[in-house]
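[1] Sequence and predicted structure are below.
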Amino acid sequence: MDNISDRNITGIHHITAISASAQENLDFYSGILGMRLIKKTVNFDDPGVYHLYFADYKGTPGGVLTFFPYEGVQKGRKGAGMVNTISFSVPSDSLSYWESRLDRHGIYRKEVQTRLGDERYLYFEDNDGLGLELVFNDNDNREGWKGGTVPEEFTIRGFFGATIWHNGGEETVSLLTGAMDHKLTISDGKRKRYAAKDEPGAYLDLVTVNDLDHGAGGSGTVHHIAFRTADTKNQDIVREKVSELDLYATRVIDRQYFKSVYFREPGGVLFEIATDGPGFTVDEDLDSLGTSLMLPPQYEDRRSEIEQLLPGISIS
């Protein structure tokens with residue numbers, strides 16, 4: 001791929017999904033997958049619901065998976081117009097470890113499969129049915145979290161990418177390769193991989209699923225996918241380009257840890273453009289990330305009320 005120095009989008013920032021239990025969600029991602037809970041806050045638009053963030057030690061963009069755990073919410077349905085699979089990057093020699101670990105915890109998994117040449121991956125699902133993959137590769141220099149439940153040499157390094165099912169609409173491809181700085185990197189039948197840069201943490205696969213019904217939101221589905229941009233200057237450029245395509249883009253919204261712009265791409269997936277900064281240490285020290293309930297300033301005077309609404313959770 002060409003030089004990315006002038007690109008406004010540089011990969012995936014974070015992915016946000018929906019779950020039906022905050023404690024089960026925490027047990028799965030922090031306990032079984034060994035990710036660090038880096039932020040325990042609330043949905044800024046619905047403060048009676050947690051917003052849990054899982055990542056590496058620092059909460060590096062490109063590997064931040066977040067959840068809105070709506071207790072007891074009905075299960076969603078996979079389908080077209082949705083991000084249906086989230087892929088994590090792990091070392092190529094960790095396959096046997098992860099097979100054994102998933103088996104030991106009673107998590108159904110498929111056998112290791114190969115695609116796009118010699119790319120090996122392992123598919124499984126979380127408690128809510130969210131599609132997940134481990135992609136085994138040696139092209140990732142990022143560090144996993146050393147203080148979790150998984151040995152350092154086998155830890156998740158961050159996202160490898162994500163997969164959208166779509167009905168073949170070229171408008172989505174035009175958006176990605178135009179306003180969003182992506183390029184086609186490889187194609188294999190119905191699967192086409194796009195990326196703002198050709199490395200783990202930046203891959204977006206479009207899989208054509210003709211005649212498949214659109215998915216439905218609920219537990220086990222992705223709410224939105226956010227793409228990285230360096231700062232608000234780059235973000236404004238992308239927002240303007242998106243608006244010129246007659247796709248409504250929101251105003252810039254302050255999410256405390258990053259600034260956000262949202263819009264729905266032509267196939268139906270909710271996209272977000274999120275700035276790399278200021279980051280997750282604006283309200284907690286690095287070593288203390290995820291240990292306290294952090295509220296945005298507008299809800300601080302309602303702390304007692306909110307704490308009573310939220311279910312108790314703990315890392316066991």
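    Yes, it's here.
[2] C-alpha from now on. contacts and neighbour counts both.
    Fine.
[3] count of neighbours near residue 111?
    Counted with other C-alpha atoms under 10 Å, the burial measure for residue 111 works out to 11 neighbours.
[4] What separation do you get for it and residue 95?
    The gap separating residue 111 from residue 95 is 11 Å, by C-alpha to C-alpha, to the nearest Å.
[5] Show me the strands in the stretch 1-150 of the chain, by range?
    Counting by DSSP state E, counting those that start in this stretch, the stretch 1-150 of the chain forms strands over residues 12-19, 36-43, 46-55, 64-69, 82-91, 113-115, 119-125, 131-137, given from the N-terminal end onward.
[6] what's the angle between the next helix-or-strand element following the last one and strand 46-55?
    Sequence-wise, the next helix or strand beyond strand 131-137 is strand 158-166, with elements assigned using DSSP states H and E. With axes from the mean of the first three to the mean of the last three C-alpha atoms, to 10 degrees applied, the angle from strand 158-166 to strand 46-55 works out at 120 degrees.
[7] ok, now which ones touch residue 258?
    When contacts are counted by C-alpha atoms under 8 Å, 6 or more residues apart in numbering, residue 258 touches 274-279.
[8] Among those, name the buried ones.
    274-277 (16 or more other C-alpha atoms under 10 Å).
[9] okay, the contacts of residue 258 in JSON lines with secondary structure and distance to residue 162 next?
    Written out in JSON lines, the entries for the contacts of residue 258 read as follows (DSSP: H, G, I helix; E, B strand; the rest coil; distance: C-alpha to C-alpha, whole Å):
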{"residue": "274", "secondary structure": "strand", "distance to residue 162": "17"}
{"residue": "275", "secondary structure": "strand", "distance to residue 162": "19"}
{"residue": "276", "secondary structure": "strand", "distance to residue 162": "19"}
{"residue": "277", "secondary structure": "strand", "distance to residue 162": "22"}
{"residue": "278", "secondary structure": "strand", "distance to residue 162": "24"}
{"residue": "279", "secondary structure": "coil", "distance to residue 162": "22"}
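[10] And those residues, which is closest to residue 56?
    residue 279 (13.0 Å; C-alpha to C-alpha).
[11] how close does the spatially closest residue to the closest one that is not a sequence neighbour sit to residue 53?
    Setting aside the residues directly before and after it, residue 279 is nearest to residue 257 in space (C-alpha to C-alpha, 6 or more residues apart in numbering), at 4.8 Å. Distance, residue 257 to residue 53, using C-alpha to C-alpha: 11 Å.
[12] In terms of neighbours, single out the busier of those two.
    The residue with more neighbours, out of residue 257 and residue 53 and counting by other C-alpha under 10 Å, is residue 53; that gives 26 against 17.
[13] first to last residue in stretch 108-115, what's the distance?
    Looking at stretch 108-115, the gap from its leading to its trailing residue is 21 Å under the measure C-alpha to C-alpha.
[14] Residue 308: how many residues sit nearby?
    In terms of burial, residue 308 registers 10 neighbours under the definition other C-alpha under 10 Å.
[15] repeat for residue 105
    Residue crowding around residue 105 was assessed by other C-alpha under 10 Å; the count is 10.
[16] Equivalent analysis for residue 246, please.
    Here the count is done by other C-alpha under 10 Å, and residue 246 has 8 residues near it.
[17] Check the one 3 residues further on too.
    For residue 249, the tally of surrounding residues (other C-alpha under 10 Å) stands at 21.
[18] that older thread, generate CSV for the contacts of residue 258, with distance to residue 193 and pLDDT as supplementary columns.
    Conversion of those to CSV gives the following (distance: C-alpha to C-alpha, whole Å; pLDDT from 0 to 100):
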residue, distance to residue 193, pLDDT
274, 21, 98
275, 23, 98
276, 23, 98
277, 27, 97
278, 30, 98
279, 28, 98
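[19] Looking at these, spot the one nearest residue 205.
    When the contacts of residue 258 are ranked by distance to residue 205 (C-alpha to C-alpha), residue 274 comes first, at 19.8 Å.
[20] contacting residues for that closest one?
    Contacts for residue 274 were tallied using C-alpha under 8 Å, 6+ apart; they are 13, 226-229, 235, 258-261.
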